[in-house]
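S.K.: Sequence below, structure please.
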Amino acid sequence: MKDFSFNRYHNIVIKVGSALVAPDGHSCSTQHCLPLANFIKKCQRLNKQVTLISSGAVAAGFNTLKPTEGSLSLDEKQALAAVGQSKVINHWQRFFDNHVAQVLLTAADINNSSRSHNAKQTLNKLQQYGVLPIINENDTVATAELKFGDNDNLAAQVANLIEADLLIICSDVDGLYDINPHDNPSAQLLTYINDLTDEVMAFGTVSHNPQATGGMQTKLQAAQLASQSDIDTIICNGKNEAYLQLLHDKVPGTWIDSNKQITNQIQSSIRITNA
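M.R.: Numbering: from 1, shown residues only. Modelled structure (predicted):
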């Protein structure tokens, strides 16, 4: 494995899932969000630009509307999201002295060149003002054909949009294993991946958490998308604050290396050859 240096990353996208924002599935919790907010502030003090992708809107609205337990219809989920999104933003704002900003996106916003350009400009301006952008999918209007599918994919697309160099996916698992650790205690954590081959992608499994919309497969797909833009990905356990290891130049879970240094060397060689 190559030597890991957190110092080389300057533009970071952090994705936190519902399992961390709303562990009980019915309300926001400080348990995992407060430590993550403190990590974000430490990154900012190191002059790193941070953008946060936060799930949890549907769960946050649950205790307010109190829908019938069980499978929720699309309009019920959208109503919960409409109520819960403000709760999620207010929840995060409590942990920061500086302002945070809510940014809601759909896949159509990213896929449309004009709207994606406007979104990028807005996010850049928020960073210039020292405001932390907190992004979620606009669940109140997104339908099947407009949805990202999950916030892992949203995080990767935002990372591409703002030309980030690191995507951190905070989950409730330690990283990618060679087999499902919830089914097999002999599973081995894969700490370094430099090529997302079909074999590696096959290690992904569906989520074991009923509050999550994705699983390890969606995280690998997000990493694959990020790698295409030379963005590294870290998949780590947000419940045990593994991301703090990054401050000590240690890999906290699975580091998916986009090999951008190799890519840059190849491109430089091509330029020299063509000169």
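S.K.: remind me, longest helix of this structure?
M.R.: Of all segments of type helix in the chain, defined using DSSP state H, the longest is helix 74-93.
S.K.: Does anything pack onto that helix? Which helices or strands?
M.R.: Contact analysis of helix 74-93 by 3 or more CB pairs under 8 Å, 6 or more residues apart in numbering; DSSP states H and E lists helix 30-45, strand 49-54, helix 57-60, helix 62-65, strand 100-105, strand 132-137 as its packing neighbours. In this view, the C-beta of every residue, glycine as well, is placed from N, C-alpha and C.
S.K.: try it again with 6 Å
M.R.: Taking 3 or more CB pairs under 6 Å, 6 or more residues apart in numbering; DSSP states H and E as the contact definition, the neighbouring helices and strands of helix 74-93 are helix 57-60, helix 62-65, strand 100-105.
S.K.: Include mean pLDDT when you put the ones you listed into TSV, please.
M.R.: Below are the helices and strands packed on helix 74-93 laid out as TSV (pLDDT from 0 to 100):
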stretch	mean pLDDT
helix 57-60	91
helix 62-65	89
strand 100-105	96
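S.K.: do you know which of these lies nearest Phe39?
M.R.: strand 100-105 (15.0 Å; CB to CB).
S.K.: before we move on, back to that, out of the helices and strands packed on helix 74-93, nearest to Val21?
M.R.: Ranking the helices and strands packed on helix 74-93 by distance to Val21, with CB to CB as the measure, places helix 57-60 first at 7.1 Å.
S.K.: what separates the closest one from the chain centre, distance-wise?
M.R.: Centroid displacement of helix 57-60 relative to its chain, using CA atoms, centre = their mean, to the nearest Å, is 17 Å.
S.K.: Could you list the alpha-carbon positions for that helix in PDB?
M.R.: Listed in PDB are the C-alpha atoms of helix 57-60, where the atom choice follows Å, rounded to 0.1, in the frame of the first residue of the first chain:
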ATOM      1  CA  ALA A  57     -34.600  14.100   6.400                       C
ATOM      2  CA  VAL A  58     -37.300  11.300   6.200                       C
ATOM      3  CA  ALA A  59     -36.300   9.900   9.600                       C
ATOM      4  CA  ALA A  60     -36.200  13.400  11.100                       C
END
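S.K.: And the pLDDT at Asn264?
M.R.: pLDDT recorded at Asn264 is 44.
S.K.: what does the one 4 residues further on give?
M.R.: With respect to pLDDT, Ser268 scores 34.
S.K.: How much space separates Ala81 from Asp97?
M.R.: The spacing between Ala81 and Asp97, counted by CB to CB, to the nearest Å, is 28 Å.
S.K.: got it, and Ser54?
M.R.: Plainly put, Ser54 is 18 Å away from Asp97 if you go by CB to CB.
S.K.: winner for burial among the helices and strands packed on helix 74-93?
M.R.: For these, the largest average neighbour count (mean count of other CB atoms under 10 Å) is found in helix 57-60, namely a mean of 27.
S.K.: What is it packed up against?
M.R.: helix 74-93.
S.K.: And Ser54 and Asp97? Which one has more around it.
M.R.: It is Ser54, of Ser54 and Asp97, that has more neighbours when counted by other CB atoms under 10 Å, with 27 against 6.
S.K.: So which residues of the stretch 151-275 of the chain form strands?
M.R.: In chain order, the stretch 151-275 of the chain shows strands spanning 166-171, 192-193, 232-237, 254-256, with DSSP state E, counting those that start in this stretch as the criterion.
S.K.: Buried residues, the helix or strand where Ala19 lies. List them.
M.R.: Secondary structure from DSSP states H and E places Ala19 in helix 18-21. By neighbour count, with 16 or more other CB atoms under 10 Å as the criterion, the buried positions of helix 18-21 are 18-21.
S.K.: now swap in stretch 166-183 and tell me
M.R.: Within stretch 166-183, the residues that count as buried by 16+ other CB under 10 Å are 166-177, 180-181.
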